[in-house]
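Chemist: sharing a model prediction with you, sequence too.
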Amino acid sequence: MNNPQLDRDGNLKHLLSIEGLPKKILNQILDTAESFVGVAEREVKKVPLLRGKTVCNLFFENSTRTRTTFEIAAKRLSADVISLNVSTSSQSKGETILDTVDNLIAMHADMFVVRHAQSGAAHLIAKHVPPHIHVVNAGDGRHSHPTQGLLDVFTIRKYKPDLHNLRIAIVGDVLHSRVARSEIHALTTLGVPEVRVIAPKTLLPTQVEKLGVHVFHDMEEGLKDVDVIMMLRLQNERMSGAMLPSSQEYFKTYGLTQEKLKLAKPDAIVMHPGPMNRGVEIDSNVADGKQSVILPQVTYGIAIRMAVMAILAGGLPAQQQSSVGSPASPGGAA
Amino acid sequence: MTKNHSNSPSPQLPNAEDLLKVLAHKLEPLLQKNTALVGIHSGGVWLMQRLLTSLESTISKHGIEHGTLDVSFYRDDYAKRGLKAENRPSQIPFDVENKHIILIDDVFYTGRTTRAAMNELFDYGRPASISLVALVNRGGRELPIAPQIVAADIPLDASQHMQLTKLVDGTLVLELTQHNSARTQEHE
């Protein structure tokens, strides 16, 4: 099967979902992000890599945080950034997605960061664009949100470097989460031996066990001795019909409180992709507590997005590369 | 991989360990208060680590700090070749402002790496001065940049490629490889 994310030499061409990314590429992104973390701590928080490139944030669905972090990441790479809130512009006048994209290509856009409520929107654009243009999926429906998945894995690796020795619990609305699936895939690909999901049956996809996770319906059992707790947001806006009795009821059973946190390992970290519903899936004491790494997740999110864009935008498309000569560059020589 | 290249043992290639001693000897007078050493990955960092040991007394006397640079984010061939798959974080744990920085590199060639390193350094602050120290100057510079101190001048053909490698026991060795297609390495 032809993987639309990779070029014929196996290099990353678009980032659409974590599924289908080989371990080598996952590690390349994570390692490159490591190099970008330090950039934000300097006097000048910019590197010149994407100077002269234009990055278009195409947000067909609102997401202020994701859009902001992509914008900051692109600007720290010295790109010119245009953020289009398409839901309020051309789409309402009847223009199709691909017409919008073509117009931006005519304005010499080099990269699209796409957020859409429909699964597969980023794939559609990736299939449509010419080879020198790259697409990053910034969340499509329930399907995928690869940079969020990557930044979570990066955060885990920062605090718990030995991935081969971890027990990780993902808690909450797995059914509606576009992150959970990507994450489970990334974690198992990178060798995490035990990934658990803890949720009521109504918030789990059918046959979730097939993803290679251990399923728990009870917090007390599921949190026992875990190293990492990843809370998911209760996706109120995606919830149709009565899947839950009430949010207070949910907090009582699945909300992360100090007491429940004590069941995990004493050095366990607590993560949340944001935005948080305090008092619904997580107690304020925990969210602001010393085991919480929720804000570092945001900081690392920028490094991950810089890494993805820097890997994508460099180099010529595969068919032009033969004229440049060997891509090999010995590490020792400088 | 590069086509038709072979490791040719060349008898006239100097011993890198001997050159390192020459370099340490030449570098020592430059080490004063307010200087800092910065190694460029990978070879320059290996050299710096060795110099930190061999010049330890001078370095601690003046309180000389050190750091490392990986210039991947500043290379001028990014648009052509993309980001190197292996890159390491740059680490400059001291204030660059008003420091006399001594950059350390293994093989000086076009000057493009030095340019990238200077650009990166300036993003940390405004140094008082920057000098360049290299183990070998192989000739072929393409920019008005040259090392102040080298241990050896070894003029090479454009088809030849010289690099420093570190053996398992830590010994540094110079290696020469031959490329049949000229100038495949554009950024050395």
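Modeler: Arrived safely. Please read all numbers here as calculations on a predicted model, not as lab measurements.
Chemist: measure A:Arg51 to chain B for me?
Modeler: 9 Å (C-beta to the nearest C-beta, to the nearest Å). All C-beta spots, glycine's among them, are computed from the backbone N, C-alpha and C.
Chemist: could you confirm that residue falls within a strand?
Modeler: No: counting by DSSP: H, G, I helix; E, B strand; the rest coil, A:Arg51 is not part of a strand but coil.
Chemist: what's the neighbour count on A:Met306?
Modeler: 29 (other C-beta atoms under 10 Å in any protein chain shown).
Chemist: list the contacts for it?
Modeler: A:33, A:36, A:39, A:73, A:76-77 (C-beta atoms under 8 Å, 6 or more residues apart in numbering or on different chains).
Chemist: narrow the residues you listed to those in helices?
Modeler: A:33, A:36, A:73, A:76 (DSSP state H).
Chemist: in chain B, which residue sits nearest chain A?
Modeler: Nearest to chain A, among the residues of chain B, is B:Gly82, at 2.8 Å (C-beta to the nearest C-beta).
Chemist: that residue against A:Met309, yeah?
Modeler: No: taking contacts as C-beta atoms under 8 Å, B:Gly82 lies outside contact range of A:Met309: 12.0 Å.
Chemist: and the two? which has more neighbours close in?
Modeler: Taking neighbours as other C-beta under 10 Å, B:Gly82 and A:Met309 compare with A:Met309 leading, 27 against 21.
Chemist: out of the ones in helices among the contacts of A:Met306, which touch chain B?
Modeler: A:Phe36 (C-beta under 8 Å from any C-beta of the partner chain).
Chemist: nearest to chain B among the ones in helices among the contacts of A:Met306?
Modeler: Nearest to chain B among the ones in helices among the contacts of A:Met306, with distances taken as C-beta to the nearest C-beta, is A:Phe36, at 8.0 Å.
Chemist: give me the nearest residue to A:Ala79, chain neighbours excluded.
Modeler: A:Leu50 (3.7 Å; C-beta to C-beta, 6 or more residues apart in numbering or on different chains).
Chemist: who are the contact partners of the one you found?
Modeler: So A:Leu50 contacts A:74, A:77-79, A:309-310, A:313 (C-beta under 8 Å, 6+ apart).
Chemist: which one of those is nearest chain B?
Modeler: Nearest member of these to chain B, counting by C-beta to the nearest C-beta, is A:Ala310, at 5.2 Å.
Chemist: any idea of the pLDDT on that closest one?
Modeler: A:Ala310 carries a pLDDT value of 97.
Chemist: and for A:Ser323?
Modeler: 46.
Chemist: now the one 3 residues further on
Modeler: According to the predicted model, the pLDDT of A:Ser326 comes to 43.
Chemist: now swap in the one 4 residues further on and tell me
Modeler: As summarised for this prediction, A:Pro330 has a pLDDT of 41.
Chemist: re the thing from before, tabulate the ones in helices among the contacts of A:Met306 in CSV, adding columns for pLDDT and distance to B:Gly170.
Modeler: CSV is the format used below for the ones in helices among the contacts of A:Met306 (pLDDT from 0 to 100; distance: C-beta to C-beta, whole Å):
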residue, pLDDT, distance to B:Gly170
A:Ala33, 97, 30
A:Phe36, 96, 30
A:Ala73, 98, 39
A:Arg76, 97, 37
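Chemist: just put the ones in helices among the contacts of A:Met306 in CSV and tack on distance to A:Gly141 and neighbour count.
Modeler: Below are those laid out as CSV (distance: C-beta to C-beta, whole Å; neighbours: other C-beta atoms under 10 Å in any protein chain shown):
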residue, distance to A:Gly141, neighbour count
A:Ala33, 26, 27
A:Phe36, 29, 23
A:Ala73, 23, 28
A:Arg76, 29, 23
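Chemist: report the two of the ones in helices among the contacts of A:Met306 separated the most.
Modeler: A:Ala33 and A:Arg76 (12.3 Å; C-beta to C-beta).
Chemist: now do the contacts for residue 75.
Modeler: Just so you know, I chose chain A. Counting by C-beta under 8 Å, 6+ apart, A:Lys75 has contacts A:46, A:81.
Chemist: um, chain B though
Modeler: Per C-beta under 8 Å, 6+ apart, neighbours of B:Arg75: B:84, B:112-113, B:116, B:187.
Chemist: among those, which ones are in helices?
Modeler: Short answer: these in helices (DSSP H) are B:112-113, B:116.
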